[in-house]
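# build me a structure from this.
(one chain, ligands or ions: 1)
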Amino acid sequence: MSKRPRKRGGFRRLDDNELARLTFHGAVGQVTGSCFLFETGGLNVLFECGMFQGGRSEASRNRRKFPFDPGSVDVVVLTHSHIDHSGLLPKLVRDGFRGPVYATAPTCELLKIMLSDSGHIHEQDAKHASRRRLRRGKAPVEPLYTVADAELALDHLRPQPFGEPVELAPDLSIRFLRAGHILGAASVEVLVRDGTKVRISTAGSAQSSSPASRSSSAARLRAPWRRRTTRILLSVDS
Ligand SMILES: [Zn+2]
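Next up, the predicted model:
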């Protein structure tokens, strides 16, 4: 099988018969680090930008370079404010993302508190780790991101009401639908080109016949799926 040429920045060209591509860059084989890249050919949308949480290996994953160029992401959409869904947003902005971040108004309010607090925690962690390292003659460590990085990320927030369509491009819109889980949480309905619907949900178990909810790292929404409603439920929290 011939290899498709890779586009620069981690993005690949869509096949002629592909409507869009959804790639899972986190929360695969675990529940933290939610990060799903949705490419339509015209727009690159990142759903969630979550932090990996747990032990040392998760901490080191947070420090790795993003597997795509943050500067090539056009829009970020967040379903809710929990840090495993939003916690790497300051790093994404620091590393080059310049677009809007869409989330519900209550989620934006919570993010102002949670991302600033997260920046403070990373500053303190780095300070303590550096002190220990200096005692052993090792170089200090930089925080994953700072309060200042978090504040820069907050400038990108664009609060949205529940239930209203938000047009991201002429052939792509989203709608935040009320969900439980936490104040402000939403399922996101994605409407692509000719009416294909994809729903990205924040809670519940994987209950989809589509390939997207399985453990594969990518799912292609092929053209034959057009002209019917396709729902994908992503299990990103329990
Ligand atoms: Zn959550």
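# tell me how far residue 54 lies from residue 182.
In this view, residue 54 and residue 182 are 20 Å apart by CB to CB, to the nearest Å. Placement of C-beta: from N, CA and C, glycine included.
# who has more neighbours out of these two?
Taking neighbours as other CB atoms under 10 Å, residue 54 and residue 182 compare with residue 182 leading, 17 against 13.
# and that one, what pLDDT?
As predicted, residue 182 sits at a pLDDT of 90.
# cool, and residue 148?
At residue 148, pLDDT is 98.
# what strand or helix carries it?
Secondary structure assigned from DSSP states H and E places residue 148 in helix 147-154.
# other SSEs contacting that helix?
The contact analysis (3 or more CB pairs under 8 Å, 6 or more residues apart in numbering; DSSP states H and E) places helix 147-154 against helix 89-94, helix 105-135.
# can you give me the mean pLDDT across the shortest one?
What it means is helix 89-94. 98.
# go on, the longest one?
Model confidence over helix 105-135 averages 96 on the pLDDT scale.
# from here on, count from 56
From this message on, residue numbering opens at 56, which makes the last subject helix 160-190.
# excluding chain neighbours, what is closest to the residue nearest the centre of the chain?
The centroid of the chain falls nearest to residue 103 when counting by CA atoms, centre = their mean (2.2 Å). Distance criterion CB to CB, 6 or more residues apart in numbering; nearest residue to residue 103, sequence neighbours excluded, is residue 89 at 3.9 Å.
# relative to residue 118, how far out is residue 111?
In this view, residue 111 and residue 118 are 11 Å apart by CB to CB.
# who's more crowded, these two?
For residue 111 versus residue 118, the count of surrounding residues by other CB under 10 Å is larger for residue 118: 11 against 7.
# which phi and psi does the more buried one have?
phi -90, psi -10 (degrees, to the nearest 10).
# give me the neighbour count for residue 238.
11.
# helix/strand/coil for it?
When classified by DSSP: H, G, I helix; E, B strand; the rest coil, residue 238 comes out as coil.
# touching, it and residue 161? I think so.
Yes. Using CB atoms under 8 Å, residue 238 is in contact with residue 161, at 5.1 Å.
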